[in-house]
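Asks: Structure, please.
(2 chains)
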Amino acid sequence: MNRLRAWFLAPTWATVIALFLAPLAIILGYSFLTRGVYGGIALPWTVESYQRLIDPIYLAILWRSFWVAGASTSLCLLLGFPLALFISRAGRHKNFYLGLVMLPFWTSFLVRTYAWMFLLRDTGLLNTILEKLGLIHSPLPLLYNDGAVILGLVYGYLPFTVLPLYATLERLDRTLLEAAADLGARPWATLARVTIPLSAPGIRAGAILVFIPCLGAYLTPDLLGGGKSVMIGNLIQNQFTTARDWPFGSAVSLVLMAIVMLLLFVIARGEGEGLL
Amino acid sequence: MECVLELRDVSKHYPSHHAVNGVSLSLARGEFFSLLGPSGCGKTTTLRLVGGFEEPTHGEIRLNGSSIQHLKPYQRNVSTVFQNYALFPHLTVRDNVEFGLRRRAGNHIGSRVRDVLDLVQLAGKESRRPAQLSGGERQRVALARSLVLEPDVLLLDEPLSALDPNLRKQVRAELKAIQRRVGITFLFVTHDQEEALSLSDRLGVMNKGRLEQLGTPEEIYLQPSTRFVASFLGAVNWIGDVGVRPEAMRIAREPARNGHRSRPATIVHSTFLGNCVHVDTRLSDGEPAVVEISRLGETFAPGEAVHLWWEPADELRFE
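Replies: This is a model prediction of the structure:
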């Protein structure tokens, strides 16, 4: 029986080991090595990569990544909640609206991000229209700043907040809303005192699903931030490409991962104690 | 009697059906009034119209003399105990009870909440969440949450149906006692005739969106105005156009004398029910009739030829 069980679990284990644990072990190993002259790695073993991380330049990038990811997550929740609420009450049109939310996934994220560049750049659609209308005389700096990065991240990850929020709002017992109204609560009070507290699991799931990929994002800051708004994802990418410092790139990756795991752990603890 | 709630020719029509059709009734202050009827008869819709969750297609609803049919639920001084109780799962017992008090005068909240929790015997369970309570306790939280607001009318939507049968009778007695103590008008919706008869000062029987009869439990049971009312409240044997309740019949071995009526019948089967015996019989014209007799009296064997007796006064007649 146990042999059979082992055989059936073997593909899963093989996948986890080959695609997750082994790469992680390699990264862990690299992070304690010295950089090679033309990239790659070399001996001796050292913790230098980790020591370099304390440099204010890198801490600033880390801080900016948290700030951008936090702002993007908040905006996603702020925009996603009313949308999810609307869809959950749209009756028989629900599936149509959910389809619209998912529609962007049919196009490559890269292509969609390029599309934003065409919209936002100095000679882009928005600036051209505003200039033709005579509202502005020189192009607005819409691209290559934190705002553009946040816009791109919110655009890209909004569906990931809408879907879990929709799932919890959909399951919300409507009689609870009637009970709140019955007890004298006006619609806004019902929203604040019943709907939002009871959709906490969806808010939490949506926040995690957006915050983590935003924290590690590199494509969006690269294209829309134009190298001025560097995030930790760009730093990592840079170490493995132009900077040719694999050990440092590995160390940054692991530190980012550790921070994310710690955050998830704290959230899970809070959830268990009913704090969140 | 002072009239607190009045429904004047109230109707609620949906595209597919008429849920409530021309219902008129008025409730006296402090009265325990039940709406009784089978599922889909419009009793719950009537309650929701009073609560403000539906707007009537036609007619007027008056509370203390002023029209309320266009007011939102939060603008009406009525409160509902929902069938599934609709307690807020993220709030404690105390927070559930305080929910509706938040907008009102602050100082007395604490003592009012304590009083009402004492009333429903939930003192000591203030910090529990609904998930940690039994069915009966949840029902009492729902009751307390509404009672603490001192509504003009308390609306109860089958509040006992979610409880198991043993508990139901006990809770029924408690509910009646609480209503007597607080003196709040109760509008109680149920499909259970025993509940309606035992709890109500007056009741209304609904069928297919219409109010078929209004009256005290005695009036409705003893003088039902329609065949529907007669058969919905208790069993009826139909002998031609005349109905006779099983407990108003007797079984004898000879035909009736001195003013009684009787019909020949054959015993089919006896069912021992503990406190009484139900005897299934077949009348000479082939129609079935059930007779409720004492377990202490005579016994009858299947196939035995007998006579069913009743008094003319016990006959239920309809046009």
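Asks: Looking at the closest residue to chain B within the stretch 151-276 of chain A now. What's its pLDDT?
Replies: As assessed by CB to the nearest CB, chain B sits closest to A:Leu183 within the stretch 151-276 of chain A, at 3.4 Å. Where C-beta positions appear, they are placed from N, C-alpha and C, glycine not excepted. A:Leu183 carries a pLDDT score of 93 in this model.
Asks: which residues sit in contact with it?
Replies: B:74, B:79, B:99-100, B:145-146, B:149 (CB atoms under 8 Å, 6 or more residues apart in numbering or on different chains).
Asks: One more pass at 7 Å, please.
Replies: B:79, B:99-100, B:145, B:149 (CB atoms under 7 Å, 6 or more residues apart in numbering or on different chains).
Asks: Closest one of these to B:Asp241?
Replies: B:Ser79 (45.1 Å; CB to CB).
Asks: Can you pull the phi/psi pair for the closest one?
Replies: Main-chain torsions, B:Ser79, degrees, to the nearest 10: phi -140, psi 150.
Asks: and it, bridged to which residues?
Replies: B:Leu154 (DSSP bridges).
Asks: measure the residue nearest to B:Ser262 when sequence neighbours are not counted to B:Thr266 for me?
Replies: Among residues not flanking B:Ser262 along the chain, B:Ala256 sits closest, at 3.5 Å (CB to CB, 6 or more residues apart in numbering or on different chains). Distance, B:Ala256 to B:Thr266, using CB to CB, to the nearest Å: 17 Å.
Asks: give me the low-pLDDT residue ranges for chain A?
Replies: A:1, A:272-276 (pLDDT under 70).
Asks: coming back round to it: is the residue nearest to B:Ser262 part of a helix or strand, or is it coil?
Replies: coil (DSSP: H, G, I helix; E, B strand; the rest coil).
Asks: Next: the one 10 residues further on.
Replies: Local secondary structure at B:Thr266 is given as strand here, using three-state DSSP.
Asks: Contact partners for it?
Replies: Per CB under 7 Å, 6+ apart, neighbours of B:Thr266: B:281-282, B:303, B:305.
Asks: cutoff 6 Å now
Replies: With contacts defined as CB atoms under 6 Å, 6 or more residues apart in numbering or on different chains, B:Thr266 is in contact with B:282, B:305.
Asks: Looking at B:Gln179 now. What's its pLDDT?
Replies: Listed pLDDT for B:Gln179 reads 91.
Asks: same thing with B:Arg103?
Replies: So B:Arg103 comes in at 62 (pLDDT).
Asks: B:Leu308 is in contact with B:Arg263, correct?
Replies: Yes. Shown here, B:Arg263 and B:Leu308 form a contact pair, counting by CB atoms under 6 Å, at 5.2 Å.
Asks: which residues in the stretch 101-250 of chain A form helices?
Replies: Along the stretch 101-250 of chain A, counting by DSSP state H, counting those that start in this stretch, helices occupy A:109-120, A:125-132, A:146-171, A:174-182, A:187-190, A:196-198, A:200-215, A:219-224, A:232-240, A:246-272.
Asks: and which of the contacts of A:Leu183 is nearest A:Ser108?
Replies: B:Phe99 (49.2 Å).
Asks: Now do the contacts for that closest one.
Replies: Taking CB under 6 Å, 6+ apart, one finds A:Leu183 in contact with B:Phe99.
Asks: one more time with 7 Å
Replies: A:183, B:88, B:145.
Asks: cool, B:Gln83 as well?
Replies: So, once contact is read as CB under 7 Å, 6+ apart, B:Gln83 ends up touching B:157-159, B:161-162.
Asks: again with B:Ala86
Replies: So B:Ala86 contacts A:173, A:175-176, A:178-179 (CB under 7 Å, 6+ apart).
Asks: which of these tops the neighbour count?
Replies: A:Ala179 (29 neighbours; other CB atoms under 10 Å in any protein chain shown).
Asks: Give me the phi and psi angles of the closest residue to it other than its chain neighbours.
Replies: Spatial nearest neighbour of A:Ala179, excluding adjacent residues (CB to CB, 6+ apart): B:Ala86 at 3.8 Å. B:Ala86 adopts backbone torsions of phi 50, psi 40, taken as degrees, to the nearest 10.
Asks: where's B:Ala86 relative to B:Val171, distance?
Replies: 18 Å.
Asks: so what's the residue in the stretch 1-150 of chain B that chain A sits nearest to up against?
Replies: Among the residues of the stretch 1-150 of chain B, B:Gly100 lies nearest to chain A; the distance is 3.4 Å by CB to the nearest CB. For B:Gly100, the contact set (CB under 7 Å, 6+ apart) comprises A:183-184, B:145, B:148-149.
Asks: Can you name the residues of chain A sitting close to chain B?
Replies: Counting by CB under 7 Å from any CB of the partner chain, chain A comes close to chain B at A:173, A:175-176, A:178-179, A:181-186, A:194, A:197-198.
Asks: how many other residues sit next to B:Arg317?
Replies: Neighbours around B:Arg317, by other CB under 10 Å: 11.
Asks: roughly how far apart are it and chain A?
Replies: 44 Å (CB to the nearest CB, to the nearest Å).
Asks: hang on, isn't that residue packed against B:Val242?
Replies: Yes. Judged on CB atoms under 7 Å, B:Arg317 makes contact with B:Val242 at a distance of 6.1 Å.
Asks: what are the ranges of the helices in chain B?
Replies: For chain B, applying DSSP state H gives helices covering B:43-51, B:93-98, B:109-119, B:135-147, B:165-182, B:193-199, B:217-222, B:227-232.
Asks: Need the ones you listed in JSON lines (columns: mean neighbour count and distance to chain A).
Replies: As requested, the helices of chain B are exported to JSON lines (neighbours: other CB atoms under 10 Å in any protein chain shown; distance: least, CB to the nearest CB, whole Å):
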{"stretch": "helix B:43-51", "mean neighbour count": "24", "distance to chain A": "6"}
{"stretch": "helix B:93-98", "mean neighbour count": "23", "distance to chain A": "9"}
{"stretch": "helix B:109-119", "mean neighbour count": "16", "distance to chain A": "13"}
{"stretch": "helix B:135-147", "mean neighbour count": "23", "distance to chain A": "7"}
{"stretch": "helix B:165-182", "mean neighbour count": "14", "distance to chain A": "17"}
{"stretch": "helix B:193-199", "mean neighbour count": "19", "distance to chain A": "21"}
{"stretch": "helix B:217-222", "mean neighbour count": "17", "distance to chain A": "29"}
{"stretch": "helix B:227-232", "mean neighbour count": "20", "distance to chain A": "27"}
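Asks: next one: phi and psi at A:Arg89?
Replies: phi -110, psi 20.
Asks: In contact with it, which residues?
Replies: Per CB under 7 Å, 6+ apart, neighbours of A:Arg89: none.
Asks: The one 10 residues further on now?
Replies: For A:Gly99, the contact set (CB under 7 Å, 6+ apart) is empty.
Asks: Quick one: classify it as helix, strand or coil.
Replies: helix.
Asks: quick one: it from chain B, how far?
Replies: From A:Gly99 across to chain B, the span is 27 Å (CB to the nearest CB).
Asks: ok, now A:Leu75?
Replies: Note on A:Leu75: its distance to chain B, by CB to the nearest CB, is 26 Å.
Asks: what's the burial count for that residue?
Replies: So A:Leu75, with other CB under 10 Å, has 19 neighbours.
Asks: What is the neighbour count of residue 160?
Replies: If you meant another chain, say so; for now it's chain A. 23.
Asks: my bad, the chain I had in mind was chain B
Replies: 22.
Asks: Work out the gap between stretch B:3-13 and the centre of the chain.
Replies: Put simply, stretch B:3-13 sits 18 Å off its chain's centre (CA atoms, centre = their mean, to the nearest Å).
Asks: Could I get the buried residue list for it?
Replies: B:4-8, B:10-12 (16 or more other CB atoms under 10 Å in any protein chain shown).
Asks: out of those, who's nearest A:Leu9?
Replies: Using CB to CB, the buried residues of stretch B:3-13 come closest to A:Leu9 at B:Lys12, 59.0 Å.
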